[in-house]
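pasted the sequence and its predicted model underneath.
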Amino acid sequence: MSTTIYITSGKGGTGKSTFAANLGLTLAYMGKRVILLDMNMGMRDLDLYVGAQNQAIFDIYDVIMRTCEPGDAIIASEFADKLSIIPAHQGGEWMDISRADVDELIEYLSDEYDVIIMDGAPGINRAVDLCYGSADEVVIVTTPDYAAIRDADAIEDRLIKCEVMNRHYVINRMLPELEAMGCVPRLAEIDIRFRSELLGVIMEDENIRASCNIGIPIVAKRDTYIARNFDKMAERVIREIL
């Protein structure tokens, strides 16, 4: 049985798509058949982070508008046999898409994949309203900044009002030095703000930024503390969500 995870954030710049790409690849390394859906219409990035930017002929908008079959838009990852992606469309309008369209695509993919990861648009918008209902789990990605946390709070409030009960959050780009100096919220303070379960904390690391720019997910290098951190988060996903 397939599980759909919707990944969102209160604002842009939290590393949401980077997290989606690396979680997806980690789950694929663990034997799960994973497909990444870039649902950030008009702001396509996810294909860059998995090195598939030059392979797209069709995209998710083409699939939903029935310009092509889903299989025509699926790109296989070069990093793991069990990982695939459907990129977003640089144009396209969410107003053209209905909840039924998203549900139909998820139902089609659920026969072929164990995990469907939807990388959503940041902020409160139509994309959130269309996608959260098709997901079994929502993960909110934030950075340890007051603005990001406030916006993440707003997303969580929206999800709670919509009775989305299965939620986790991830703190990305954490700098312990700034936390120790009192320049950013402490982990305990952030945890009090959320009513979701903490999935994991990702440290700020220039290697993660470099990996995004060269199109190689950071977890593809397996003998690192970052890969081990994602392994722990993926294990928790398998244990608690799948």
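Structure received.

only C-alpha atoms from now on, for both contacts and neighbour counts.
Will do.

point out where this protein drops to low pLDDT.
In the predicted model of the chain, residues 92-94 satisfy pLDDT under 70.

return the set of buried residues in stretch 21-31.
Neighbour-count burial for stretch 21-31 flags 21, 22, 23, 24, 25, 26, 27, 28, 29 (criterion: 16 or more other C-alpha atoms under 10 Å).

so where do the strands sit in this protein?
Assigned by DSSP state E, the strands in the chain fall at 3-8, 34-38, 75-76, 83-86, 115-119, 137-142, 167-174, 197-203.

need the residues that contact stretch 76-87.
24-25, 28-29, 31-39, 44, 46-47, 50, 52, 56, 59-60, 73-75, 220 (C-alpha atoms under 8 Å, 6 or more residues apart in numbering).

got a PyMOL select line for the buried ones in those?
Buried members of these, defined by 16+ other C-alpha under 10 Å, are picked up in PyMOL with:
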select buried, resi 24+25+28+29+32+33+34+35+36+37+38+39+44+46+47+50+52+56+59+60+73+74+75+220
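
helices - which of the contacts of stretch 76-87 land there?
Using DSSP state H, the members of the contacts of stretch 76-87 that fall in helices are 24, 25, 28, 29, 46, 47, 60, 73.

distance check, the first one against residue 18.
Read it as residue 24. 10 Å (C-alpha to C-alpha, to the nearest Å).

who's sitting farthest from the centroid in the chain?
Outermost residue of the chain with respect to the C-alpha centroid, by C-alpha atoms, centre = their mean, is residue 181; its distance is 30.4 Å.

against residue 144, how distant is it?
Per C-alpha to C-alpha, residue 181 is found 13 Å from residue 144.

try residue 235
Per C-alpha to C-alpha, residue 235 is found 24 Å from residue 144.

those two: which has the busier surroundings?
Neighbours of residue 235 and residue 144, each counted by other C-alpha atoms under 10 Å, are more numerous for residue 144; the result is 24 against 16.
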